[in-house]
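*Asks:* Build me a structure from this.
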Amino acid sequence: MSAFSPRAAEPTRTTEEPRPLAAGEHGDADVTASPAVARWRRPFGEQPLLAAVHGALLLVVTAYVFVIIRLPWVGDLGVHAATVERLRHDLFHPGNPMVDSATDSPYYSPWMVFLALVARVTGLGTFYVLRIAAVIGLVLLLTGIWFLTRTLTRHRAAPPLAILCVLFLWGTKFFAWSGFLGFTSLSLIVSYPSTFTLALGFHFLALLMLALRRGAATGWAAYLGLGVMWAVLMLSHQFSGVVITLGAVGVLGGARPWPARATWLKLGGALVVGLGVLALWPYYSFFSLFGIGGLEDIHKALYVGLFPKYCLVLIGVVALALRFVRDRRDPLVIWFALAVAMVVAGAVLDKWSYGRVAPAVVIPAQIAAAIAVVESGRKVVRVLLGAAVGAGLLVGVWGQRDALGFILRQDALSTHITEGTWKPGGTYWWTTPYGKYGEVFMTKWSSAQKLPAFGFYTVAPGYPDFFLPDEDQRLDDTARYFAADTPRRERIELLHKYDVTWVLQKADEGGLPADDPALRRTATGPGGLILYRVVG
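*Replies:* Sure thing, here's the model as predicted:
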């Protein structure tokens with residue numbers, strides 16, 4: 001049997017002795033006494049629940065197939081596409097993914113290097129490769145939640161129900177952020193490194209749990225492999241890596257029996273190997289991330305409007321409380337408690353970036369809720385929790401209805417659904433017949449987020465880049481170029497300073513006038529964007 005088989009942790013089943021038949025009972029006719037029929041008759045029994053959750057899960061997977069086909073462009077898709085573009089053109093010295101500068105970047109993670117290799121080997125375009133990333137990420141995510149839940153319970157209905165809870169048991173308000181796995185959010189980030197990190201992280205936690213259960217039977221190779229796996233998680237998306245690391249602490253704290261000394265030595269070896277991989281990663285210095293500031297303002301929104309975003313998670317908190325009563329060292333409870341402490345510390349210390357570990361608060365509660373529906377000892381508790389989770393999922397589905405705007409055509413939906421939905425933005429394919437790979441654009445922030453995805457550079461990065469030493473200067477120079485009071489000579493100097501080949505702007509955004517001899521109007525794009533070639 002495999003060292004990491006979920007059934008390795010199950011107790012050996014024994015055959016029950018046949019009981020004597022009661023008076024008037026017919027052994028060959030009493031079909032209502034069969035185990036199969038009993039399961040169907042039992043409230044919230046496994047068979048009806050299995051059918052319901054598998055049907056719902058099929059609908060979810062079908063929806064995500066359409067999401068992957070459409071690959072909606074909202075959020076950070078541009079920078080991830082740009083990262084693949086740079087690596088596919090120069091695997092060893094890609095430079096900055098957004099601007100023409102030979103700097104390192106934390107976007108160059110093992111996962112993105114793998115995707116670039118896929119692009120180089122297959123010759124597929126960047127956006128096709130990102131669709132492959134979305135498929136891999138979704139499969140890893142669904143199987144990861146399944147695997148982790150299966151290590152916590154033997155009930156077959158719990159894993160698919162846990163997937164539904166992770167996707168829908170959030171709140172009543174539309175909310176999306178990288179690393180947050182609500183149905184709407186995942187519709188946008190399914191191809192992102194954060195999704196891959198959390199998905200692989202669920203497998204990591206399940207494997208760690210099974211390794212600890214096997215005790216001395218788990219060898220050094222398995223633990224060292226877990227160390228490398230942990231390093232890949234931390235390199236691929238640091239915030240999501242912290243979420244999984246807190247979960248790993250919960251698994252260790254809840255290990256039964258308590259790990260022996262030999263096991264702790266192997267765990268220490270795994271940590272050393274993981275730290276070694278982090279230190280030796282060639283694309284950026286992982287440990288220099290600890291000295292980076294400037295992350296707080298952008299994350300303050302994570303602490304605003306908490307109740308409508310997370311109110312349904314309270315059902316899972318009740319389930320966690322029941323687990324805590326039964327076991328003070330329950331791994332889900334420890335994972336949850338550590339994350340709550342970190343999120344609260346962020347609020348107290350004004351470290352708003354700590355809010356990125358909120359998924360570590362939500363996920364264990366969601367999984368606990370799913371398990372409680374099928375595992376609670378008393379029937380009345382099971383019925384009440386089942387009703388609460390069922391109602392919560394229905395409310396959560398309605399609360400995340402905005403995701404339909406990323407799945408279906410806008411004109412096919414009611415305004416009650418599309419109102420307030422983030423509309424997927426337009427792409428910049430129309431610029432590619434004119435510009436060449438590596439040419440520099442002078443443009444504003446919204447375009448700077450997307451142009452690098454097609455192989456171009458921009459003067460200022462469209463995303464915060466703490467590895468770019470002249471980021472502030474680039475932002476100031478871009479603002480100065482478009483400012484109304486900037487002299488023509490200074491604008492020309494700025495174009496030459498950054499070897500700008502193209503200016504992309506709307507007519508009312510400032511900059512050099514359309515009839516300036518230094519520019520030649522080349523094309524007009526969606527939304528009133530005009531492409532000028534710099535000729536002087």
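*Asks:* which one is Thr501 nearest to, not counting chain neighbours?
*Replies:* Once flanking residues are discounted, Thr501 sits nearest to Glu439: 4.2 Å by CB to CB, 6 or more residues apart in numbering. Just so you know, the C-beta spots here come from the backbone N, C-alpha and C atoms, and that holds for glycine as well.
*Asks:* That neighbour: neighbouring residues, count only.
*Replies:* Glu439 is flanked by 19 other residues according to other CB atoms under 10 Å.
*Asks:* distance of it from Leu115?
*Replies:* 24 Å (CB to CB, to the nearest Å).
*Asks:* Equivalent analysis for Val373, please.
*Replies:* Val373 is 37 Å from Leu115, by CB to CB.
*Asks:* These two - which one has more neighbours?
*Replies:* Val373 (28 against 25).
*Asks:* close enough to count as contact, the more buried one and Gly386?
*Replies:* Yes: Val373 lies in contact with Gly386 (CB atoms under 8 Å); the separation is 4.6 Å.
*Asks:* Apart from its neighbours in sequence, what residue is nearest the residue nearest the centre of the chain?
*Replies:* Geometric centre of the chain, nearest residue: Thr195, 2.8 Å, by CA atoms, centre = their mean. Nearest residue to Thr195, sequence neighbours excluded (CB to CB, 6+ apart): Gly137, at 4.3 Å.
*Asks:* what's the offset of the helix or strand encompassing His80 from the middle of its chain?
*Replies:* Secondary structure assignment for His80, by DSSP states H and E: helix 77-89. In terms of CA atoms, centre = their mean, to the nearest Å, the centre of helix 77-89 is found 18 Å from the chain centre.
*Asks:* could you say what helices and strands the biggest helix by length in the chain packs with?
*Replies:* Criterion DSSP state H: the longest helix present in the chain is helix 126-152. For helix 126-152, the packing partners by 3 or more CB pairs under 8 Å, 6 or more residues apart in numbering; DSSP states H and E come out as helix 46-70, helix 77-89, helix 110-122, helix 158-168, helix 193-214, helix 358-375.
*Asks:* Would you mark the buried spots in it?
*Replies:* Neighbour-count burial for helix 126-152 flags 126-127, 129-134, 136-138, 140-152 (criterion: 16 or more other CB atoms under 10 Å).
*Asks:* and for stretch 456-464, what are the contacting residues?
*Replies:* With contacts defined as CB atoms under 8 Å, 6 or more residues apart in numbering, stretch 456-464 is touched by 76, 78-79, 96, 98-100, 294-295, 298, 431, 435, 437-443, 445-452, 468, 471, 474-475, 477-478, 481, 494, 498, 500, 502.
*Asks:* And stretch 501-512, by the same measure?
*Replies:* The contact list for stretch 501-512, computed with CB under 8 Å, 6+ apart, reads 431, 434-435, 439-444, 447, 451, 456, 481-484, 486, 488, 491-492, 495, 514, 518-519, 522, 527-534.
*Asks:* pLDDT weak spots in the stretch 351-500 of the chain?
*Replies:* By pLDDT under 70, the low-scoring segments of the stretch 351-500 of the chain are 408-426.
*Asks:* Confidence-wise, which helix or strand of the chain is lowest on average?
*Replies:* The helix or strand of the chain with the poorest confidence is helix 35-41; it has a mean of 41 (mean pLDDT, DSSP states H and E).
*Asks:* What are the neighbouring residues in contact with Leu295?
*Replies:* The contact partners of Leu295, by CB under 8 Å, 6+ apart, come to Trp352, Ser353, Pro464.
*Asks:* quick one: it and Thr172, what's the gap?
*Replies:* With CB to CB as the criterion, Leu295 and Thr172 are 28 Å apart.
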